[in-house]
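Chemist: Take this sequence and fold it.
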Amino acid sequence: MKITKFSLALLGAIVLLQTTQPTHAIEYITKSSTQQVPLYLSEATDWIYVEGIEGGRVTFDASTGTITNAERTITAANIPDSIGGIAVLSIGIEAFDKCLNLKTVTIPDTVTTLEEGAFFACENLMDIRLSQNLTTIGKGAFAACNSLVTLELPNSLNTIEAWAFESCPFEVITIPDTVTYIGPAAFNHCQYLTTLVIPKGVTTLSEYAFSNCSGLTTIEIPDTITVIPEYTFSNCVNLASIIIPETVTDIGYAAFYNCTSLSSIEIPNSVSSIAGGTFHNCINLTSVTLPNNLTAITNYMFENCTSLREIDIPNSVTSIGEGAFLYCTNLSSIDIPATVTSIGNAAFGGCSGLDTISIPEGVTTIGKHVFVESTNLSTIYIPKTVTAIGENSFDDCPSLIHIYFAGTKAQWNDLNVIVPYYIVMHYSGLDGFLEEHIVTVIVVVLIIALLMGILFIRRKRK
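Modeler: Residues are numbered from 1 along each chain as shown. Prediction:
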């Protein structure tokens, strides 16, 4: 119960007024045939018994038509459409929160709003009928209602606020077409939800909206959506398929993080931006189709996608971010387009399936640890356009034997790169030829010298 000092003071004042001369009209709300409790139709009433609400009392603000508080002993709430002749329009902030004995609720059609935390953590609430004129379900209104398996949302609903149904054990829920907004983490941790259809009315999805829905296997996203925000479907470990409509332009950070059952995904050409970590730890992802106007493979986008064997990077990409393919252990080949100018730190670290990689002409910077722990990498081709290579880029690459640099040895030395002693460097130009064929050159020079010596001796004898 949330009885504040202000409430106690107000109670004392009402008692005092009642013992002198009443200044408010009084109506009696019947609790039973033998007990009646006075209701003062002021802006904020005292605790009252209301017919239909069993096991405890509520407070009611007649000026707004809001039930503002409820005793936690309440077991059932068949809320009437009016109290003391005043229409019930709203269930207030945390009004019934943590009513652990509450099992059934009926909300009258006069109610349009369930405010923040209205039924938060009513752990035994199993049955609820919502108002058919309800437009807004507030933040955390039913969060942590651990027994609420089914709920029918009315066709009047247009807004589902943040955490509204977090951790509710729904198996199926139908979101009506009238809903336009789904707030942050609205269905977070609804782990028994298996199928989800987001209606065409929805124009806004928010971050974490369906995160940690571990039972979710399929999702339909409507063509009214333009942005899939960060972590929207993260940790949906049984999500096997998803279709992204061509209206989507942006996919947020870690939107599909740890979707471990996702095996393939096609991203439409309408998408121009995919934030970092989007497919991080999608360990069964084998096939990805990237849009042809994507400009960056962002940081950690495919980190630990251990089943990914190959990927076609579109020619629109200009940068490959930090850890973009980190620990993609089965990635056996990758074609980096000539449009790429930079490759970030550890971009191909731990790619133990790579044997050969060719960095295209036009790349100017290669980050540190870029090939670290790529244990089967044997050959790397580096263009002369590279002007910077980060530290420890070739560490823990025990199979790396050849690095081919398209510039001169002097240009390579200017990069100040430390290369393990066992790696053979190959350069272009005369010094490269001499470096690579030094033994042959020495032998040829010696043979020429020998021949010239023999010729000289023969001439002298004559």
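Chemist: Give the burial count for the residue nearest to Leu148 when sequence neighbours are not counted, as a bare number.
Modeler: With sequence-adjacent residues excluded and distances taken as CB to CB, 6 or more residues apart in numbering, Leu148 is closest to Cys168, at 5.0 Å. C-beta here means a position set from N, CA and C on the backbone, and glycine is covered the same way. The local packing count at Cys168 equals 25, with neighbours defined by other CB atoms under 10 Å.
Chemist: What of Leu446?
Modeler: 10.
Chemist: From Thr75, how far off is the residue nearest to Leu148?
Modeler: When distances are taken as CB to CB, to the nearest Å, Cys168 and Thr75 turn out to be 20 Å apart.
Chemist: can you tell me how far the residue nearest the centre of the chain sits from Thr204?
Modeler: Centrality entry for the chain: nearest residue to the mean C-alpha point is Tyr231, 0.9 Å, by CA atoms, centre = their mean. Between Tyr231 and Thr204 the computed distance is 15 Å (CB to CB).
Chemist: Check Glu166 too.
Modeler: For Glu166, the distance to Thr204 - CB to CB - is 18 Å.
Chemist: Name the residue in the two with the higher neighbour count.
Modeler: Under the neighbour definition other CB under 10 Å, Glu166 and Thr204 were set side by side, and Glu166 has more, 24 against 16.
Chemist: related to what we said a few turns ago, per-residue confidence for the residue nearest to the centre of the chain?
Modeler: In this model, Tyr231 is scored at 98, pLDDT.
Chemist: Flag every buried residue along stretch 280-293.
Modeler: Judged by neighbour count (16 or more other CB atoms under 10 Å), stretch 280-293 contains these buried residues: His280, Asn281, Cys282, Ile283, Leu285, Val288, Leu290, Pro291.
Chemist: That should have said stretch 316-330, apologies.
Modeler: When neighbours are counted by 16+ other CB under 10 Å, the buried residues of stretch 316-330 are found to be 316-317, 319-329.
Chemist: Please apply the same query to stretch 142-161.
Modeler: Taking 16+ other CB under 10 Å as the neighbour-count basis, stretch 142-161 is seen to contain the buried residues 142-145, 148, 151, 153-154, 156-161.
Chemist: Now tell me which helix or strand of this structure has the poorest mean pLDDT.
Modeler: When each helix and strand of the chain is scored by mean pLDDT, DSSP states H and E, strand 26-32 comes last, with a mean of 32.
Chemist: all helices of this protein, in order?
Modeler: 5-19, 409-414, 429-436, 438-461 (DSSP state H).
Chemist: mean pLDDT for the ones you listed: which is lowest?
Modeler: Lowest mean pLDDT of the helices of the chain: helix 5-19, a mean of 34.
Chemist: just to revisit the earlier point, and the gap between the residue nearest to Leu148 and Glu116?
Modeler: Separation of Cys168 from Glu116 (CB to CB): 16 Å.
Chemist: try Ile334
Modeler: 49 Å.
Chemist: so what's Ser316 up against?
Modeler: For Ser316, the set of contacting residues under the criterion of CB atoms under 8 Å, 6 or more residues apart in numbering consists of Asn292, Asn293, Leu294, Thr295, Thr339.
Chemist: And for the nearest residue in space to the first one that is not next to it in sequence, the neighbour number?
Modeler: Just to be clear, that refers to Asn292. If you skip the residues right next to it in sequence, Asn292 has Pro314 as its closest partner in space, 4.7 Å away by CB to CB, 6+ apart. Residue neighbour count, defined by other CB under 10 Å, stands at 16 for Pro314.
Chemist: dump the residue contacts of Pro314.
Modeler: With contacts defined as CB under 8 Å, 6+ apart, the neighbours of Pro314 are Leu290, Pro291, Asn292, Asn293, Leu294, Pro337.
Chemist: residues touching the fifth one, list them.
Modeler: It refers to Leu294. With contact taken as CB under 8 Å, 6+ apart, Leu294 is in contact with Val271, Ser272, Ser273, Ile274, Pro314, Ser316, Val317.
Chemist: got it, and the first one?
Modeler: With contact set as CB under 8 Å, 6+ apart, Leu290 has these partners: Ile267, Ile274, Ile311, Asp312, Ile313, Pro314.
Chemist: Please flag which of those sit within strands.
Modeler: Taking DSSP state E, the ones among these that sit in strands are Ile274, Ile311, Asp312.
Chemist: Throw those residues into JSON lines and include pLDDT and distance to Asp396, thanks.
Modeler: Listed next are the ones in strands among the contacts of Leu290 as JSON lines, based on pLDDT from 0 to 100; distance: CB to CB, whole Å:
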{"residue": "Ile274", "pLDDT": "98", "distance to Asp396": "29"}
{"residue": "Ile311", "pLDDT": "94", "distance to Asp396": "23"}
{"residue": "Asp312", "pLDDT": "94", "distance to Asp396": "28"}
